[in-house]
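S.K.: Build me a model:
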Amino acid sequence: MSLPRLQHVSSPYPAGRQGDVRAFYGALLGLAEVPIPHTLEHRGLVWFSAGAGGVEMHFFPGGPDPEHPRHLALEIEDLGQLRSRLETAGYKPYDTIAIPNRPRFFCRDPFGNLVEFTTILGSYLRTPATP
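M.R.: So this is what the prediction gives:
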């Protein structure tokens, strides 16, 4: 039996704000929107491709919790450039506890969902000291 792999994550947005989902995740972050199954067209869903191996992000009408620390993380090549784009667009990226070899920052999307942006530079584990 093979190990499970992540296929998608789902996050809520307030009903009727599909345009804001597309503006943030598509236009601002650069994710490519993918078609949803025709059997779900009536649900107001917006789906994006989010990386190699078919990983997707699904957005559905629902109630986001802007106080909750639950989040998803996206690996970004140029954190500085993205942070500037978010700030220029009126968002408030912020830093938190550092992780070795994983520079990162967090930002809330237009609905209050928490998103982490990171770059993987290497292992975060401590290497034993060499004598």
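S.K.: only C-alpha atoms for contact and neighbour calcs from this point on.
M.R.: Fine.
S.K.: Quick check: mean pLDDT of the helix of greatest length in the chain?
M.R.: In the chain, with assignment by DSSP state H, the single longest helix is helix 79-88. The predicted model gives helix 79-88 an average pLDDT of 97.
S.K.: Touching that helix from outside, list them.
M.R.: Residues outside helix 79-88 that contact it (Cα atoms under 8 Å, 6 or more residues apart in numbering): 28-29, 92-93, 104, 117-119.
S.K.: One more: stretch 29-49?
M.R.: With contact meaning Cα under 8 Å, 6+ apart, stretch 29-49 is reached by 15-16, 18, 21-22, 25-26, 50, 55-61, 82.
S.K.: end to end, how far does that stretch reach?
M.R.: With Cα to Cα, to the nearest Å applied, stretch 29-49 spans 12 Å between its terminal residues.
S.K.: can you pull the buried residues of that stretch?
M.R.: Residues of stretch 29-49 classed as buried: 31-33, 45-49 (neighbour count, 16 or more other Cα atoms under 10 Å).
S.K.: Give the full set of residues in contact with residue 118.
M.R.: Residues near residue 118 by Cα under 8 Å, 6+ apart: 73-76, 79, 102-105.
S.K.: what separates it from residue 83, distance-wise?
M.R.: 11 Å.
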